[in-house]
Every structure is written in structure tokens, then in C-alpha cells.
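Novice: generate a structure from the sequence data that follows.
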Amino acid sequence: MFKGKVILFSLLLVFATSLYAGDVDPCQSEFGVSCVGMRVSICPAGDFEPIYDGCDTGGDFLWLIARDGDGNGIQNVPWTDYWLTSCDDPADLLLCSAPFGADLLTDEDGYTEISGRIAGGGCVLTGGVYLSIQGKAVVDMPECLVETCVDVQFISPDRLASYKVDLSDFGAFGDAYNSVLGDPEYDDCVDFTGDQVVNLSDFGFFGEHYEHECF
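Specialist: Model (predicted):
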């Protein structure tokens, strides 16, 4: 019985590792965003705003093209083979162990989109984010040394990026409460409605996600 389980596991492993044609070349691959000025609220529990509402159109997404060293699209890259990192400071964006998935496997051109919710915390207001595929950061041609950063903002009730929305985050929210853009205490990272005022509406969003944590 044990031997049969080992054989089954081995077959599953072979199948999983053969879903795509080859290794991703981070220089040949591409990463982009469907709209300018995307802003998304995320939560460690993965239950806040979806990317498809990031520019208030209801059809927004991050897109990627996975290619091999010859520039050919890699088909069937798994949904979960991706990671996002803040370009300014990696500590600004904290993702949970299974933060998001692509909408579909990559097609014959290596293309897919990401439009769902993200499980994580922190705050990214400037610099954008870059994408890693199979653990390799997509980089810009021709030098292939600098990560491809796209213009996306992420904010979270987990303001302090601790894997949980807790009293420390409530303190950070409280410091900015009743402030407006231009006030010294205003914090864009807790303005969940994006109206440049931290008020009761934002507190409602914070309260909905209080004590949510990565799972």
C-alpha cells in the first residue's frame, strides 16, 4: 500500500513539473498593468478589494508573459508560480504564504492575467511592484539588470505588515483619524476609500478586517 502511494506521488510530481515547457527567462518575460494609477486595498485574510477594481473600472488586471531563453511563450505555467515585491523597499509589501493566483494558466504565448484578491499587508505608495515567476524577477531589456516595476499602489489595514491586523495597526490608523490630505498626521496608507480624508468610512473598512491574519 505504501509503495503504491509513493508511485502515485511520483507520478503527480512528474505531471506537476511538466505542466510548462521550460524555465522562464526573466529578461525575455514581460510584466504590466492594464491601467494607470492602480490602487488596491489588501488584507492578510485575502478578503479585501480585488485587483479588477483597482482603477474603478471593474475590469482591471496585472498581466504577464512568461517566455523561455529563445523568446518562446511558456504554456501552462501554474496559477501559483508568481510573487510580488515592492520596488522601493521589499519590507513595504508583506505577502502571506499563498497570496494570490493567476486567473488562468498561461496560454500558448505565455500570457495570463491576475485580477483577484491578494492576501497580505503593508503599504506601497511609490515605486510600484515587480513580479517574480518561478522565483525569478522579471527584468527590463536590454540590460536585464533592473526589475520591471509597474505603477501599482497597495494599502492594507495591516499597516505595519505583521501578518495580522491588530492593535498596533489600530494605533497607526488612530493617529491619522479625522485628518485630510495636507495635514501632518494624514496617512494615505489608511485612506481606504481614496477620498483624501481618513474618516468614519475608512474606520468601517478597518473594523471589517480587524484581527484578520494570514492563514
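Novice: report the residue spans of this protein with pLDDT below the cut-off.
Specialist: Counting by pLDDT under 70, the chain shows low-confidence ranges at 1-21.
Novice: all strands for it, in order.
Specialist: Here the chain has its strands, by DSSP state E, at 30-33, 38-41, 62-65, 82-86, 93-95, 111-114, 120-122, 129-133, 136-137, 152-155.
Novice: how about those strands in a markdown table, adding mean neighbour count and distance to residue 201?
Specialist: (Glycine included, C-beta is placed from N, CA and C.) As requested, these are arranged in a markdown table below (neighbours: other C-beta atoms under 10 Å; distance: least, C-beta to C-beta, whole Å):
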| stretch | mean neighbour count | distance to residue 201 |
| --- | --- | --- |
| strand 30-33 | 19 | 26 |
| strand 38-41 | 22 | 12 |
| strand 62-65 | 22 | 27 |
| strand 82-86 | 21 | 26 |
| strand 93-95 | 23 | 24 |
| strand 111-114 | 20 | 27 |
| strand 120-122 | 26 | 20 |
| strand 129-133 | 23 | 26 |
| strand 136-137 | 16 | 36 |
| strand 152-155 | 24 | 14 |
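Novice: which among those is found nearest to residue 207?
Specialist: strand 38-41 (13.7 Å; C-beta to C-beta).
Novice: show me what the closest one packs onto, helices and strands only.
Specialist: strand 152-155 (3 or more C-beta pairs under 8 Å, 6 or more residues apart in numbering; DSSP states H and E).
Novice: thinking again about what came up before, redo the strands of the chain as a markdown table? Include distance to residue 71.
Specialist: Shown next, in a markdown table, are these (distance: least, C-beta to C-beta, whole Å):
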| stretch | distance to residue 71 |
| --- | --- |
| strand 30-33 | 11 |
| strand 38-41 | 28 |
| strand 62-65 | 10 |
| strand 82-86 | 20 |
| strand 93-95 | 29 |
| strand 111-114 | 14 |
| strand 120-122 | 32 |
| strand 129-133 | 15 |
| strand 136-137 | 15 |
| strand 152-155 | 26 |
